[in-house]
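# Next input, structure requested:
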Amino acid sequence: MAPLADPLPGSPDGPPADALTVSRTSAALPGFAPSRTRAPVARVARPPRPAAVGRAGLFVWVPVCLALGIAGWFALPAPPGWPLRALVVALAALGLTCARAGLPLAERGRIGWPLADFLRVGGMALLLVAAGAGLAGLRSAQVAAPILEWRYYGPVEGRLIEIDRSARDRLRLTLDQLRLRDTPPQRTPARVRLSLMDQAALDLPALGRRVMLTGHLGPPPGPAAPGSFDFRRHAWFERLGAVGYTRSPVLAVAEAEGGLWAMHRARMAISDAIRARIGGQEGAVAAALMTGDRSGIEEATNEVMRASNLYHIISISGLHMSMLAGFVYAALRIALAAMQGLRVGAALPIHKLAALAALLAAAGYLWLSGGGVATERAFVMVAVMLLAILADRRAISLRTVALAATIILAYSPEALASPGFQMSFAATVALILSYGPWSRLSPHLPVWLRPVAMLLVSSLVAALATSPIAAAHFNRMAQYGLLANLLVVPVMGTLVMPAGVIAALLAPVGLAGPALWVMGVGTAWMLMVARFVADLGGAVSAVALPPAAVLPLMGFGATLAVLCWRGRFARPLGILTLGRGAGLAMLAAAAVLWLAESRPLLLVAPEGEAVGLMTDAGRAVSKPAGGAFVVKTWLLEDGDIATQAEAAARTAWRGDRRDRQADLPGGWQILHLTGKGAGQRAGAACRPRRILVATEAVTGLPDPPDCLVLDPPRLRRSGAVAIEMTADGPQLRSATGRPPGAGRP
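Sure, this is the predicted structure:
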């Protein structure tokens with residue numbers, strides 16, 4: 001991308017000039033308009049402009065500045081009020097003013113060119129940061145919908161828009177256009193998600209039909225612990241106002257309306273046909289790869305895929321979209337080149353025709369896969385690269401990646417916080433940076449060795465770029481993930497995705513069978529490799545949850561280091577050198593913070609259903625059952641791969657199964673009381689230097705209470721609680737940032 005202005009004489013990119021004749025009539029400098037007068041002027045020396053534009057140009061910094069603003073908005077503890085919004089608008093105005101005033105002031109001789117460059121680039125950066133914050137706020141307002149604030153049991157009527165599978169291997173239904181008993185429309189959620197406890201997938205109505213059932217609903221749950229993943233933010237941008245379950249049959253009460261749902265039914269029919277033709281989990285995986293329908297994949301299959309670091313293959317992402325588009329592009333270009341060899345269509349721009357066909361194939365795949373957020377992101381990245389070919393630009397460059405990131409952040413700012421966005425762009429940028437060294441090295445390798453070496457290098461580079469992000473998000477590392485990807489990804493690119501394209505082309509004439517058989521062979525190989533790798537000793541290791549600052553420091557630090565490293569430096573201590581040093585310092589700070597992080601002594605579940613005490617052997621859980629998801633999250637975030645039963649067997653707790661007790665530093669004790677009458681028993685057990693956790697509202701407390709009480713009414717305000725013991729007693733940190741209510745000593 002060209003610099004924002006033409007190179008000036010005396011700058012590193014322009015002709016040398018020791019002294020220039022400066023005139024208002026000069027048209028040699030950007031921004032100068034010719035004048036009808038020719039007044040004599042003095043000859044003055046102008047300082048050279050700094051080389052503030054690297055090889056990738058300034059455009060690559062656009063998504064970085066947008067991301068800074070979006071991240072700042074997400075970091076706020078509460079939605080911004082009008083004063084903060086006014087500040088964002090003021091910063092945008094200031095940035096625009098600085099960007100527009102720099103060059104005119106330099107042309108008049110009021111300021112030097114270095115300061116003009118700083119004002120222009122800095123002003124645009126400030127404007128983009130403010131725009132990022134504004135985009136996040138606008139998106140949040142756009143998706144705003146009611147959240148259910150109470151427990152609901154009763155009839156639920158709505159339109160069925162999605163069927164998937166939960167982490168507990170249960171089918172889930174997502175409904176919109178809801179009606180709830182005795183609930184006014186202004187308080188009715190836009191969407192709800194219910195897990196099916198007893199109904200098989202074969203009995204479910206088609207997508208788009210209105211259904212009725214009897215369900216249990218509640219608000220989206222908060223984090224399992226302070227600092228854990230907050231499902232509520234994800235639910236907000238999904239417009240998901242309640243979650244729950246049902247044990248009743250799902251009854252269809254009205255047919256789907258509109259042609260869009262006919263297309264969805266056609267997609268699901270394709271998914272059912274693929275599963276039926278291939279069979280087993282191989283067919284379920286093949287259906288997920290082609291249509292995005294993962295409802296047929298069992299949780300056991302998901303687990304072995306995670307343990308072998310192959311789970312990303314099940315989720316349609318940039319890998320699948322690029323493989324499909326690459327196959328169509330290469331196949332059509334080879335076919336057109338063969339035609340030109342036969343003197344047919346010699347004047348055709350075959351690379352552009354192939355790129356256009358690949359773009360149409362990618363768009364068709366976007367529809368066929370259901371158009372999820374990750375698939376839309378993958379389509380944008382591939383479409384930008386194919387459009388670059390049509391526009392005679394480089395298809396693979398940092399500017400192409402920056403354009404894709406800018407588009408995604410503009411229409412979906414919340415994607416910045418998702419692991420899919422972070423890992424996709426980290427892998428893409430790393431592969432682009434490795435292309436230069438690889439192009440210099442590959443000519444020295446034997447021809448037969450180049451594909452194997454390229455696969456090894458690309459897999460290694462992508463794994464190194466994405467592993468820290470995956471570990472920070474999912475608290476686990478697949479030790480043999482590189483081996484699994486080396487064995488599976490080539491099969492995906494050479495068998496599975498090409499067979500899927502051929503099957504789609506031959507399906508209208510009823511000849512898709514052989515192609516689907518090839519696809520089934522490929523998915524069977526993938527599952528076999530996944531099981532083999534998952535069964536290896538030490539295949540999975542848990543990684544402790546990093547502090548909240550680690551991921552932003554890693555992301556922005558790596559971005560600064562990469563973009564500033566590729567720039568040209570005007571002097572040893574130029575701005576790009578300082579930026580590179582700042583990026584490396586941020587990466588080092590992230591590593592130090594992660595390594596120095598210590599886990600909380602006590603963790604209390606959001607509804608008081610479990611308590612975990614850190615011991616020398618790991619976290620000891622108060623109950624061998626109950627709060628399974630919360631306890632599993634605690635252990636993973638501790639870097640512990642133990643099960644809940646193993647954690648409950650650790651020495652710390654004593655007492656019967658309803659009333660558990662443990663000793664804490666400083667002579668304190670903690671009691672966890674569950675079951676019927678837990679609130680009354682807790683009230684009678686209130687003593688100084690005691691922490692009471694109960695699954696019922698505690699009654700019979702003295703006024704003021706002598707103990708620290710954590711029961712459902714108080715936990716509803718605070719969410720999950722982390723406790724550290726200090727010389728002054730318990731120090732609490734809540735998931736919501738608010739205190740657990742009255743009763744603190």
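# Quick check: residue 713 vs residue 256, distance?
When distance is defined by Cβ to Cβ, to the nearest Å, residue 713 is 43 Å away from residue 256. Any C-beta I mention is one placed from the backbone N, CA and C, and that applies to glycine too.
# With neighbour numbers in mind, choose between these two.
Neighbours per residue (other Cβ atoms under 10 Å) separate residue 713 from residue 256, with residue 256 holding more: 19 against 15.
# Surely the more buried one touches residue 177?
No - using Cβ atoms under 8 Å, residue 256 is not in contact with residue 177, being 11.6 Å away.
# Secondary structure element for residue 541, which one?
Per DSSP states H and E, residue 541 falls inside strand 540-542.
# just residue 176 next, same as before
Residue 176 belongs to strand 171-180, assigned by DSSP H and E.
# Could you do residue 216 as well?
Per DSSP H and E: strand 210-218 holds residue 216.
# Now do that strand: which elements does it pack against?
strand 152-165, strand 171-180, strand 191-196, strand 240-246, strand 251-254 (3 or more Cβ pairs under 8 Å, 6 or more residues apart in numbering; DSSP states H and E).
# if I look at residue 289, how far off is residue 171?
20 Å.
# In contact with the residue nearest to residue 350 when sequence neighbours are not counted, which residues?
Leaving aside its sequence neighbours, residue 350 sits nearest to residue 336 (Cβ to Cβ, 6 or more residues apart in numbering; 3.9 Å). By Cβ atoms under 8 Å, 6 or more residues apart in numbering, residue 336 lies in contact with 345, 348, 350, 353-354.
# go on, residue 306?
Residues near residue 306 by Cβ under 8 Å, 6+ apart: 474, 476, 478, 540.
# Give the helix, strand or coil label for it.
Three-state assignment for residue 306 (DSSP: H, G, I helix; E, B strand; the rest coil): helix.
# if I look at it, how far off is residue 198?
In terms of Cβ to Cβ, residue 306 sits 27 Å off from residue 198.
# Check residue 227 too.
In terms of Cβ to Cβ, residue 227 sits 36 Å off from residue 198.
# Just want to know which of those two has more residues nearby.
Neighbour tally, residue 227 and residue 198, criterion other Cβ under 10 Å: the higher count belongs to residue 227, 18 against 10.
# any idea which element the residue nearest to the more buried one when sequence neighbours are not counted lies in?
Closest residue to residue 227 apart from its sequence neighbours, by Cβ to Cβ, 6+ apart: residue 548 at 6.0 Å. Using DSSP H and E, residue 548 maps to neither a helix nor a strand.
# tell me the contacts of residue 173?
160, 162-163, 193-194, 196, 204, 211, 250.
# re the thing from before, out of residue 289 and residue 171, which sits in the more crowded spot?
Each of residue 289 and residue 171 has its neighbours counted (other Cβ under 10 Å); residue 289 has more, 27 against 19.
# quick one: secondary structure of the more buried one?
helix.
# Verify the stated contact: it with residue 523.
Yes - using Cβ under 8 Å, residue 289 is in contact with residue 523, at 7.4 Å.
# intersection of neighbour lists for these two?
Common neighbours of residue 289 and residue 523 (criterion: Cβ under 8 Å, 6+ apart): residue 496.
# Can I get the buried ones among the contacts of residue 336 as something I can paste into PyMOL?
Remark: buried members of these, expressed as a PyMOL selection using 16 or more other Cβ atoms under 10 Å:
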select buried, resi 350+353+354
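# tell me which of the contacts of residue 336 is nearest to residue 79?
Nearest to residue 79, judged by Cβ to Cβ, of those is residue 354 at 47.7 Å.
# Surely that closest one and residue 326 touch.
No - assessed by Cβ under 8 Å, residue 354 is found out of contact with residue 326, at 10.3 Å.
# The stretch 1-150 of the chain: helices as residue ranges?
Remark: helices assigned in the stretch 1-150 of the chain by DSSP state H, counting those that start in this stretch are 62-75, 82-107, 113-142.
# Go through the longest one and flag the buried ones.
It stands for helix 113-142. For helix 113-142, the neighbour count (16+ other Cβ under 10 Å) marks 113-114, 116-121, 123-137, 139-140 as buried.
# In terms of residue numbering, what are the domains of this protein?
Using automatic domain parsing, the domains assigned to the chain come out as 50-142, 152-257, 297-542, 550-596, 602-734.
# what about the first one, distance to the chain center?
When you say that, I think you mean domain 50-142. Taking the mean of its C-alpha atoms, domain 50-142 sits 24 Å from the chain's own mean (Cα atoms, centre = their mean, to the nearest Å).
# how about low-confidence regions in this protein?
1-57, 199-202, 259, 316-318, 345, 371-374, 566-574, 737-745 (pLDDT under 70).
# Skipping its backbone neighbours, what lies nearest residue 665 in space?
In space, residue 665 is closest to residue 725, 4.6 Å off (Cβ to Cβ, 6+ apart).
# how close does residue 239 get to residue 222?
From residue 239 across to residue 222, the span is 18 Å (Cβ to Cβ).
# Counting neighbours, go ahead and name the busier of the two.
Shown here are residue 239 and residue 222; by other Cβ under 10 Å, residue 222 has more neighbours (21 against 16).
# Give the full set of residues in contact with the more buried one.
Listed by Cβ under 8 Å, 6+ apart, the contact partners of residue 222 are 230-232, 606, 719-720, 735-736.
# Same question for residue 419.
With Cβ under 8 Å, 6+ apart, residue 419 has these contacts: 469-470, 473-474.
# returning to that earlier point: so how far is the strand holding residue 216 from its chain's centroid?
For strand 210-218, the distance to the chain centre is 30 Å (Cα atoms, centre = their mean).
# follow-up on the earlier one: filter the contacts of residue 419 down to the ones in helices?
Residues from those lying in helices, with DSSP state H as the criterion: 469-470, 473-474.
# from those residues, which would you call buried?
By 16+ other Cβ under 10 Å, these give 469-470, 473-474 as buried.
# Distance to residue 416 added to the residues you listed, as JSON lines?
Putting these into JSON lines (distance: Cβ to Cβ, whole Å) gives the following:
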{"residue": "469", "distance to residue 416": "13"}
{"residue": "470", "distance to residue 416": "17"}
{"residue": "473", "distance to residue 416": "13"}
{"residue": "474", "distance to residue 416": "18"}
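# Taking those residues together, which two end up most distant?
Every pair of those checked by Cβ to Cβ; the farthest is 469 and 474, at 9.3 Å.
# helices or strands next to the helix or strand hosting the residue nearest to residue 665 in the packing?
Secondary structure from DSSP H and E places residue 725 in strand 721-726. If you count contacts as 3+ Cβ pairs under 8 Å, 6+ apart, strand 721-726 packs onto strand 602-604, strand 729-734.
# nearest to residue 671, of those strands?
Of the helices and strands packed on strand 721-726, nearest to residue 671 by Cβ to Cβ is strand 602-604, at 11.9 Å.
# For the closest residue to residue 290 other than its chain neighbours, pull up the helix or strand it's in.
Once flanking residues are discounted, residue 290 sits nearest to residue 500: 5.3 Å by Cβ to Cβ, 6+ apart. Assessed by DSSP H and E, residue 500 sits inside helix 497-506.
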